[in-house]
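Please work out how this folds:
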Amino acid sequence: MNTHDTYCNPIEILIVEDSQTFGVVLKSRIQRELSVPVTWVRSYQACETLLARGDTAFFVALLDVNLPDATRGEVIDLVLGHNIPVIVLTGTISEATRDAFWAKHIVDYILKQSSQCMDYAIKAVRRIIRNKDLKCLVVDDSRLGLHHVSSLLAAHGYRVLQAQNGREALELLARHRDVILTVTDYTMPHMDGVTLTQEIRKTFRIDEMAIIGISSADNLPASVLFLKNGANDYLAKAFQTEEFYCRVSLNIDTIIQFQTIKSLANTDFLTRLSNRRHLFESAAAATEAARDTGAPVCVAMIDIDHFKGINDTYGHAAGDLVLTRLAADLEQTFDDGHIIGRIGGEEFCVVSPGHGTAQIGERYETLRAAVAATKVESPAGGIGFTISIGLHAGSAEPFETMLKAADNKLYAAKASGRNKIVG
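Predicted coordinates for the structure are as follows:
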């Protein structure tokens, strides 16, 4: 297994463009819309001098191929030689020129004569920046095929994992559950691409990971087999580079749209924690699993003391700062094994599978004391606040029963003076 690393941060964009008007507008729009620094030079020599200094690690470059001192696209090879992804800016394009561009493994080319060229350039740069956080898996028993597809994906900044058979692919996916795209060949020893697709779909839904199957052009049944067994798309071998990139982008965009919709449906808008509905669904599944294994589960209800007074004294915007601060403290205190959500208003809930109150009580005491000792800065001044916590643990109770018990203990904490834990 090999990994193609993506390009390093910090993100800075290079533009090589001799047109004053085009350069000014492009630089301004990238800085404004993407909030990244941009360096703009107007000639091959200036670009060569800049790169030779080596004091800036450019993330991607947009290059005019017809410069006054380099009219035949020499700047492309110069920049690629420094391992910087390239987006070509050109006034004209022919089939031969396009093929020559793709042979160099550029990111894309943009026709400057198009009325949409600026928008397209911004979109291309935004995509490259986004891709640095995305993992793709390529599966092919042919080293040549594996290298070819991996190189195409790496040119677009994806983090690429490689496997030479289905077993390796499944082992990688078990360790890298954040892979967003798998591209697999059909004909492989021990496990063909369709069987691999079936195995992947046992763990990853079609809206969680895209799968693109690849097979020889004369194997038409393979396309149907892939699509009927869970693949999102199919490509015949000897595909055009542009077609490959279009299909990859379309499938990844679709997965990201699904993820965005799911996040919006499951996330509290203000705190970015799980909302009430998602918390109840996740917690119910966790407590049901605990009943099967006999493992303990701890449910905590957490409430901000005198929150109405904070809103009345400092304003609702300041109250929102207090809510987001407590949400951040909860995320810092409890790792991914815990379910954290906002029930509503100033009430939060943490569900901790595998923990009893004795195991986790000290962590809540640390949280309570830290909150009480900290002020939240706001335009209205520093805001001090405290929290009350009710804890309940069990292993054979439904979540809603445990939540009610934790809520009763929360009320007991408030009745005994607030800024306390009852468990």
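
now for the helix or strand where K308 lies, which elements pack on it?
Counting by DSSP states H and E, the element that carries K308 is helix 307-314. Other helices and strands packing on helix 307-314, by 3 or more C-beta pairs under 8 Å, 6 or more residues apart in numbering; DSSP states H and E, are helix 316-333. C-betas here are computed from N, CA, C, even on glycine.

how big is the angle separating the helix it packs on from helix 307-314?
Calculated by axes from the mean of the first three to the mean of the last three C-alpha atoms, to 10 degrees, helix 316-333 forms an angle of 130 degrees with helix 307-314.

Mean confidence (pLDDT) on helix 316-333, please.
For helix 316-333, mean pLDDT is 96.

what residues does it touch?
270-273, 302, 304, 307, 310-311, 340, 342, 346, 348, 350, 363, 366-367, 370-371, 374, 376-380, 383, 385, 387 (C-beta atoms under 8 Å, 6 or more residues apart in numbering).

what's the following helix or strand after that helix?
strand 339-344.

That next one to helix 316-333, inter-axis angle?
160 degrees.

Strand 339-344: how far from the chain's middle?
Taking C-alpha atoms, centre = their mean, to the nearest Å, the mean C-alpha location of strand 339-344 is offset from the chain mean by 22 Å.

what does stretch 330-346 give?
With C-alpha atoms, centre = their mean, you get 20 Å for stretch 330-346.

Could you do stretch 304-323 as well?
32 Å.

Need the distance between the two termini of that stretch.
End-to-end distance of stretch 304-323: 8 Å, with C-alpha to C-alpha, to the nearest Å as the criterion.

Same check on stretch 407-423?
Start-to-end, stretch 407-423 (C-alpha to C-alpha) is 10 Å.

as a whole number, average confidence for it?
Here the average pLDDT along stretch 407-423 is 95.

Buried residues in that stretch, which are they?
407, 409-410, 413-414, 419-423 (16 or more other C-beta atoms under 10 Å).

now, which of these lie within helices?
Of the buried residues of stretch 407-423, the ones assigned to helices by DSSP state H are 407, 409-410, 413-414.

for these, which one is nearest L391?
K409 (6.3 Å; C-beta to C-beta).

list the contacts for the closest one?
So K409 contacts 301, 390-392, 422-423 (C-beta under 8 Å, 6+ apart).

which of the contacts of helix 316-333 are buried?
Buried among those by 16+ other C-beta under 10 Å: 271, 273, 302, 304, 307, 310-311, 340, 342, 346, 348, 350, 363, 367, 371, 376, 378, 383, 385, 387.

where along the stretch 251-400 of the chain do the strands fall?
Taking DSSP state E, counting those that start in this stretch to define them, one finds strands in the stretch 251-400 of the chain at 297-304, 339-344, 347-353, 375-376, 383-384, 387-394.

picking that back up, okay if I get the ones in helices among the buried residues of stretch 407-423 as CSV plus distance to R32?
Converted to CSV, these look like this (distance: C-beta to C-beta, whole Å):
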residue, distance to R32
D407, 48
K409, 52
L410, 47
A413, 50
K414, 49
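
With respect to N83, which of those is nearest?
L410 (56.1 Å).

Dump the contacts of K409 to JSON lines, plus distance to D320.
Below are the contacts of K409 laid out as JSON lines (distance: C-beta to C-beta, whole Å):
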{"residue": "M301", "distance to D320": "21"}
{"residue": "G390", "distance to D320": "24"}
{"residue": "L391", "distance to D320": "27"}
{"residue": "H392", "distance to D320": "29"}
{"residue": "V422", "distance to D320": "28"}
{"residue": "G423", "distance to D320": "29"}
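
what about stretch 380-389, start to end distance?
First-to-last distance for stretch 380-389 - C-alpha to C-alpha - comes to 27 Å.

Residues in contact with that stretch: which ones?
Contacts of stretch 380-389 (C-beta under 8 Å, 6+ apart): 300-307, 310, 313-315, 318, 321-322, 326, 364, 367-368, 371-372, 374-377, 410, 413-414, 418-423.

Over it, what's the mean pLDDT, rounded is fine.
94.

gap between it and the chain center?
33 Å.

Pick out the residue nearest the middle of this structure.
In the chain, the centroid-proximal residue (C-alpha atoms, centre = their mean) is D133; its distance is 5.7 Å.

Can you list the low-confidence ranges for the stretch 251-400 of the chain?
For the stretch 251-400 of the chain, not a single residue meets the criterion pLDDT under 70.

one more time with 80, if that's ok
336, 396 (pLDDT under 80).

Pretty sure P398 sits against T287.
Yes: with contacts counted by C-beta atoms under 8 Å, P398 reaches T287, the gap being 6.4 Å.

Mind checking which of these two has more residues around it?
Using other C-beta atoms under 10 Å, the more surrounded residue of P398 and T287 is T287, with 24 against 14.

Can you tell me how far that one is from I206?
With the distance defined as C-beta to C-beta, to the nearest Å, T287 ends up 29 Å from I206.

Ok, R159 next?
From R159 to I206 the distance is 22 Å (C-beta to C-beta).

didn't H156 look like it was pressed against R127?
Yes: H156 is in contact with R127 according to C-beta under 8 Å; the separation is 7.5 Å.
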